[in-house]
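**Student:** here is the input, now give the coordinates:
(one chain, ligands or ions: 1)
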Amino acid sequence: MIQIGIVGGTGYTGVELLRLLAQHPKVQIRTITSRQESGNRVSNIFPNLRTHAALSALSFCAPEDAPLAECDVVFFATPHGVAMKETPKLVESGVKIIDLAADFRLRDPAQFEEWYKMPHACPELLAESVYGLPELARDEIAQARIVGNPGCYPTAVQLGFFPLLKAGVVDVSMLIADCKSGVSGAGRKGELSLIHPEISDNFSAYGVGGHRHHPEIEQGLSAMAGKAVGLTFTPHLVPMIRGIFATLYAKLTDDRADVQAIFENCYAKEPFVDVLPEGRLPETRSVRASNTIRLSVMRRGAVVTVLVVEDNLVKGAAGQAVQNMNLMFGFEETTGLTALPIVP
Ligand SMILES: NC(=O)c1ccc[n+]([C@@H]2O[C@H](COP(=O)([O-])OP(=O)(O)OC[C@H]3O[C@@H](n4cnc5c(N)ncnc54)[C@H](OP(=O)(O)O)[C@@H]3O)[C@@H](O)[C@H]2O)c1
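**Tutor:** Numbers count the residues shown, from 1 in each chain. Next up, the predicted model:
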């Protein structure tokens, strides 16, 4: 059994980590933090966990009192800026780190500062950290001490474009990602724009002038293409709780490209990527509460369209973090992640 610490246990990705880790046979939750709920039982805040023997006995602890250095791995399910301050001393104590925020995603500390408005606290550790997209970096993740877990939109957009860029069959100077997210993507907080009357029966774009996931996606796609890509990324908020739907467009440079075969071959061995048969379309509820990303691809003339769905809290956050943990500790990659999606 490995010992787990979770910093930021009252948020949506925190409780999703608990739900997934509760089904994992090789882990034990050693400590979980909250500043607001310190001393309170986890199951008082999340009654869905009441019937799990170990989790129902667990209480939140203030971050400064949490025995994080005694853990084998610590997940940071916190806003950006928290993990990078704690990581140096934890790594020094032999603890592995998986950050669900953005502290270890952008390779360039200057770019991190530009987008997140704070200097990076440990650029030397940023340099050794690994971007945790298992389908692209399985071997590096297995060796990593620090993993920057990808953002929810970046996971969908990068896995959606990857087969096309790998095959070199599209014009990378104009890639378009038109994305929609459920409201849990914004976290568990009270904010006027997120309350029920504001988001229900409504559909809006946001971050059009520059969303923080833009440089992260661009970084990943440019690495795949081997040169700088041109990306248009427009996120939208839709009145559902979980789910991301990404519609991606690119112009084919190779007229003979069999896009269906390209996708099927690229992901044939991936346990969490499901390429639908030609003509079938994905929907967000088909992946709800699961670590699967499901996609379909089609072409009309020179334009290729890729439709991608994922659960933002699972493959877009906590599930991918557990997948990364499995790789880092030499467990079977799918351990604890095989539950099927919930329908309806
Ligand atoms: N929601 C998603 O779909 C999603 C997807 C991918 C990635 N992410 C990223 O994952 C991270 C967590 O997201 P979330 O949606 O779970 O957020 P959230 O619901 O807002 O929860 C944030 C958690 O962090 C704790 N926290 C806040 N400030 C802290 C600090 N300074 N020190 C220690 N703990 C602190 C909060 O508890 P206390 O205030 O009680 O300490 C809370 O438990 C974010 O960086 C987010 O961008 C989210």
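
**Student:** need the contact list for the closest residue to residue 309 other than its chain neighbours.
**Tutor:** Nearest residue to residue 309, sequence neighbours excluded (CB to CB, 6 or more residues apart in numbering): residue 282, at 4.3 Å. For glycine as for every other residue, the C-beta is placed from the backbone atoms N, C-alpha and C. Counting by CB atoms under 8 Å, 6 or more residues apart in numbering, residue 282 touches 245, 276, 294, 295, 296, 307, 308, 309.

**Student:** what helix or strand is the first one on?
**Tutor:** Think residue 245. strand 244-251 (DSSP states H and E).

**Student:** direction included, what does that strand pair against?
**Tutor:** strand 175-181 (antiparallel), strand 303-310 (antiparallel) (DSSP bridges).

**Student:** and those: which comes nearest residue 207?
**Tutor:** Nearest to residue 207 among the strands paired with strand 244-251 is strand 175-181; the distance by CB to CB comes to 10.0 Å.

**Student:** give the next helix or strand downstream of the closest one.
**Tutor:** Counting by DSSP H and E, the next helix or strand C-terminal to strand 175-181 is helix 196-199.

**Student:** what's in contact with that following helix?
**Tutor:** The contact list for helix 196-199 (CB under 8 Å, 6+ apart) reads 183, 192, 193, 237, 239.

**Student:** next one: it to chain centre, how far?
**Tutor:** Chain-centre distance of helix 196-199: 25 Å, with CA atoms, centre = their mean, to the nearest Å.

**Student:** now stretch 230-246
**Tutor:** Stretch 230-246 sits 14 Å away from the centroid of its parent chain (CA atoms, centre = their mean).

**Student:** run through who's touching the strand holding residue 245.
**Tutor:** Residues contacting strand 244-251 (CB under 8 Å, 6+ apart): 152-153, 156-157, 160-161, 164, 170-172, 174-182, 185, 238, 282, 284, 302-312, 316.

**Student:** touching the next helix or strand after that strand from outside, list them.
**Tutor:** Downstream of strand 244-251, the next assigned helix or strand under DSSP H and E is helix 259-266. Residues from elsewhere that reach helix 259-266 (CB under 8 Å, 6+ apart): 162-164, 166-167, 169, 252, 275, 278, 295, 297-299, 304, 306.

**Student:** which non-adjacent residue is nearest the residue of the stretch 1-150 of the chain found nearest the ligand?
**Tutor:** When distances are taken as CB to the nearest ligand atom, the stretch 1-150 of the chain reaches nearest to the ligand at residue 11, 2.0 Å away. Nearest in space to residue 11, with sequence neighbours left out and distances taken as CB to CB, 6+ apart, is residue 188 at 5.1 Å.

**Student:** can you list the buried residues in the helix or strand hosting residue 221?
**Tutor:** Element membership for residue 221, per DSSP H and E: helix 213-225. If you call a residue buried by 16 or more other CB atoms under 10 Å, then helix 213-225 has these buried ones: 213-225.

**Student:** from the contact counts, what lies against that helix?
**Tutor:** On a contact count with 3 or more CB pairs under 8 Å, 6 or more residues apart in numbering; DSSP states H and E, helix 213-225 meets helix 109-116, helix 152-167, strand 231-237.

**Student:** mind pulling up the pLDDT for the closest residue to residue 36 other than its chain neighbours?
**Tutor:** With sequence-adjacent residues excluded and distances taken as CB to CB, 6+ apart, residue 36 is closest to residue 10, at 6.5 Å. Residue 10 is assigned 97 on the pLDDT scale.

**Student:** residue 10 against residue 60, yeah?
**Tutor:** Yes. Counting by CB atoms under 8 Å, residue 10 does reach residue 60; the two are 7.0 Å apart.

**Student:** and these two? Which one has more around it.
**Tutor:** Per other CB atoms under 10 Å, whichever of residue 10 and residue 60 has more neighbours is residue 60, with 24 against 20.

**Student:** state the pLDDT value of that one.
**Tutor:** On the pLDDT scale, residue 60 is placed at 98.

**Student:** and it, what does it touch?
**Tutor:** Listed by CB under 8 Å, 6+ apart, the contact partners of residue 60 are 9, 10, 32, 33, 34, 37, 38, 39, 40, 41, 42, 45.

**Student:** inside strands: which ones of those?
**Tutor:** residue 32 (DSSP state E).

**Student:** among the contacts of residue 60, the buried ones, what's the ChimeraX command?
**Tutor:** Buried residues within those, by 16+ other CB under 10 Å, are selected in ChimeraX with:
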select :9,10,32,33,34,37,41,42,45
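
**Student:** quick one: which of the contacts of residue 60 is nearest residue 206?
**Tutor:** Checking these against residue 206 with CB to CB, the nearest one is residue 10 at 24.3 Å.

**Student:** any idea how far residue 51 is from the closest one?
**Tutor:** Applying CB to CB, to the nearest Å, the value for residue 10 to residue 51 is 20 Å.

**Student:** make sure I have this right: residue 84 is in a helix.
**Tutor:** Yes. Assigned with DSSP: H, G, I helix; E, B strand; the rest coil, residue 84 falls within a helix.

**Student:** neighbours of it, how many?
**Tutor:** Other residues lying near residue 84 total 29 when counted by other CB under 10 Å.
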